[in-house]
Every structure is written in structure tokens, then in C-alpha cells.
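J.: Sequence plus predicted model, see below.
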Amino acid sequence: MLGVTHDDAPLLADLMPWSVAPLRLGRAWPTAPDAASLRSRWDAFVRAEGPAREALLRPSRSRTLHSAVAQLPGQASGTGRLARASGPCPEPVRVLRGPFDEQWLIPDHRLIDAARPELWRVADAHQLFLVEQGYVPGAGGPPLIATALLPEGRSPAGRPGRIRPLYRRPGGVEPNLAPGLLRLIGERLGGPVTAEQFLTWALAVALPTATATGCRVPLPADPDIWAHGVELGHRLLWLQLRTGERPKLPGGRRPYVRAPLPARPAELLYDRDEEALLIGEGRISPVPPEAWDFHVSGVRLLEHWFARRTEPAEPGTLEAIRPATWPQGWTSELLELITVLALLAELRPRQEALAAAVEGEVTAAELRRAGVLPPPESALRPASVLDHPEEGPDGQFALL
């Protein structure tokens, strides 16, 4: 969206005041693109004893075999010291490891340096998250990613972003928005405005700033522009959540496997003339150039997704426990990712035109005059949502 800055538009950080830093995993082995590998890694971990178990853990300042850690909210993992851990692997959960990269995680607080329990408390079937991408000077791509999964929160470039839940409490209760914001926007537009409508609007028009302050969200006073933006944002949200009916490109443009992928692919190339993705001896086409050129934070997503599944792991580590051959399920995921990126790229011109068309903005100055900004200090902190006991270290119950 070059040429459009809206320097007087409010920052998303002010409009959605409560944000959480990215998860800090501390070690790679509790995450994987497939759940079966995680169960095998856990089994290998608990079979090891003494120094061998410690080496497999890869201890950090935050986590050792003897760390006392509370249970993650909503999860059923153990709370005893890892030195004594045994039994089956805690059930892996689906997470967003990075933009458009759904993977699996062992939800065991003892394995994660900083798991952000406040996010786990509000993650449910009603919750949506906006992930503000970490600042990379001169990088293109969408500044916001939406997900219904718990997100790690880092950009493909490794930069920490901010995770902004839509709701501060479970069950879709108490929007994470500056108090009075929805009422003021509704008054300007002449009708009620919901929290999800705001999220879809932000997804459609958010503009990166030239600094690390995050993105800006221009707010319109024209109800027709608002309706168009909300409709466009719903399309973007559907593509990013990928729930229900799977997105498809029109016939003739759908990517297919033209030559079988090798059992152990090591290289990913793109033939721009043939619009083909070359994976060793395998071939997928047609792959639109817009899908291949789709970047987030300056990183080409298709290359990043492939590398995370094929980069060699150090022998003898738990990360080395992985599928021996390329699973068929990964091919299906890759075909869907190509489709999603191509469809998102097609919507970019509409997003740019919408951002340029916003007139009669509700500026940051107006929000300050109306008392909406700055948000109160209480809005910057997580809500107290503990409505059931949470197991603390060594089986004790946490009191909050």
C-alpha cells in the first residue's frame, strides 16, 4: 500500500490496547508439522535418564529438568519436575507457528520458556487473534495476520510482533477495544458496530508505519466504505482461518501435482515461465507468480514453509525424530497454501484502493477529544478470568 500512510490515523496499539508478546519456546523439539513426531519425541525423552534426558531437553535459564512450573490453562499436562516425568505425551495442540504455517505443539509448560498463560486462558472457540508482524524496514506483505489458533507471534524473519486477542475473556466476552470505540464509530456511521466487524475492517485496511510502533488503522465516516471494508475483511479472514469450505482457484488455475514429489525432497525451485513449483523431481503447477512472490516481513512464505519441513536436524537430537519420508498430508497442505496465497494476492489491489478511499476519517485526535484515547491503564492488562482452579507446580493449585 505504497503512497498511503494516514499519519493521523490511530495506531492499532491504541485501539486494541491489550497485547501479549510472542511465545518464547526456548527449544524447537516440542513443535513439529505433524503430531506423531511429537509423541515419538516425548517417548524418547522420558525413556532417557539422567544426563541423557537433560541433554535431550536442551535446558535454558528458564527451564531445566528441575523447574517448578504451573500447568498451562486448559491443558492436562503434568506439573511434576521433568526429571521424574513419565507416561504418554500430553495431547498436542494445533498452533500458528508463523503466518499461514499451522503446526503442532506439546502444550506442556515445563517445555516452554515463556508460554504466555494469559493467552491460553482466553483461547477458545469464540476467540480470534490479530498478530501484528514484527517490524522489518522496507519489507512488504500484510502487517496483520488473523488466526483462531494460538499464535507463536513471530514473523518469518524472526522479529517479535504483538498478539492482540479480540476478546479479553473466554466466550467472546468483553472486546479488547478501547472503551467507547465501538459506540463512537457506530455514531459516525449511523448504526451498531461489532467487535468482529472492527477486526475485519482492520484486516482490510491496516497500514504499516515507517517505525516499530506497529500499524495504523484509518477509520471511515462513510457507511458505504465501512460496509465494503468489512465485506473485504471477512473474505480475508475466511482465507486466513481456512475453516469450513476449502478455498479454491477457478478451474484451470488450480494447482495440481504433475509429477510425484520425492520421498526426501531437499530443494524448492520455481519456474516462472512454466508457473511450476519444482520440488526435486516433483512438480506442482500451475502456481501463480503472485503465490510464489508472496512475502511477509521480507520473507518468501513458500520457501519458508518448505524449509521448516526439510532443513536437516542435528543427529541425536529430538528434532531429528521426524517423518522418514515426505507425508502425503504435507502435499495437500502445500496445495492449499498456494491457493490461499494466490487468492490473498488478488485482493491486495482492493485493499490498497480501500485505504486510499477512506475520507472523513475518525482521526486519533478526534478519539482523544472524545475521551476514547488514551485507553485506561486497566485496558492494557489482561482481565482476571480464573473461574476454575489451575494446577500449580507439583500438583498444587494456583490461587489468582
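T.: Nice, thanks for sending it over. Quick caveat: nothing in here was measured; it's all calculated off a predicted structure.
J.: Now Leu380. Nearest residue, chain neighbours left out?
T.: In space, and not counting its chain neighbours, Leu380 is closest to Pro17: 5.0 Å by C-beta to C-beta, 6 or more residues apart in numbering. Every C-beta, even on glycine, is put in place using the N, C-alpha and C of the backbone.
J.: My reading is that the one you found lies in a helix. Confirm?
T.: No - in this structure, Pro17 is coil, not part of a helix, as judged by DSSP: H, G, I helix; E, B strand; the rest coil.
J.: any low-confidence regions in the chain?
T.: 1-5, 212, 359-360, 386-392, 394-400 (pLDDT under 70).
J.: the longest helix in it is where?
T.: In the chain, taking DSSP state H as the definition, the longest helix is helix 328-357.
J.: And the next helix or strand past that helix?
T.: helix 364-369 (DSSP states H and E).
J.: Buried residues, that following helix. List them.
T.: Going by neighbour count (16 or more other C-beta atoms under 10 Å), the buried part of helix 364-369 is 364, 366-367.
J.: and which of these is nearest to Tyr135?
T.: Set against Tyr135, the nearest of those by C-beta to C-beta is Ala364 (19.4 Å).
J.: distance of the residue of the chain positioned farthest from its centre from Ala83?
T.: Most distant from the centre of the chain: Gly50, at 36.0 Å, with distances by C-alpha atoms, centre = their mean. As defined by C-beta to C-beta, to the nearest Å, Gly50 lies at a distance of 9 Å from Ala83.
J.: distance of Ala21 from Leu354?
T.: Using C-beta to C-beta, Ala21 is found at 30 Å from Leu354.
J.: of those two, who's got more company?
T.: Per other C-beta atoms under 10 Å, whichever of Ala21 and Leu354 has more neighbours is Leu354, with 22 against 14.
J.: show me where the stretch 1-150 of the chain has strands.
T.: Using DSSP state E, counting those that start in this stretch, the strands found in the stretch 1-150 of the chain span residues 31-32, 93-98, 101-105, 129-132, 144-147, 150-151.
J.: JSON lines for the ones you listed, including distance to Leu119 and mean neighbour count?
T.: Below are the strands of the stretch 1-150 of the chain laid out as JSON lines (distance: least, C-beta to C-beta, whole Å; neighbours: other C-beta atoms under 10 Å):
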{"stretch": "strand 31-32", "distance to Leu119": "16", "mean neighbour count": "24"}
{"stretch": "strand 93-98", "distance to Leu119": "11", "mean neighbour count": "21"}
{"stretch": "strand 101-105", "distance to Leu119": "12", "mean neighbour count": "20"}
{"stretch": "strand 129-132", "distance to Leu119": "8", "mean neighbour count": "24"}
{"stretch": "strand 144-147", "distance to Leu119": "12", "mean neighbour count": "23"}
{"stretch": "strand 150-151", "distance to Leu119": "6", "mean neighbour count": "24"}
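J.: quick one: the helices in the stretch 51-200 of the chain?
T.: Secondary structure of the stretch 51-200 of the chain, counting by DSSP state H, counting those that start in this stretch: helices at 51-57, 117-122, 181-189, 195-205.
J.: so what's the residue nearest the centre of the chain up against?
T.: Centroid check for the chain by C-alpha atoms, centre = their mean gives Pro151 as the closest residue, at 3.9 Å. Counting by C-beta atoms under 8 Å, 6 or more residues apart in numbering, Pro151 makes contact with 22, 95-96, 129, 131, 145, 163.
J.: mind running it again at 7 Å?
T.: By C-beta atoms under 7 Å, 6 or more residues apart in numbering, Pro151 lies in contact with 95-96, 129, 131, 163.
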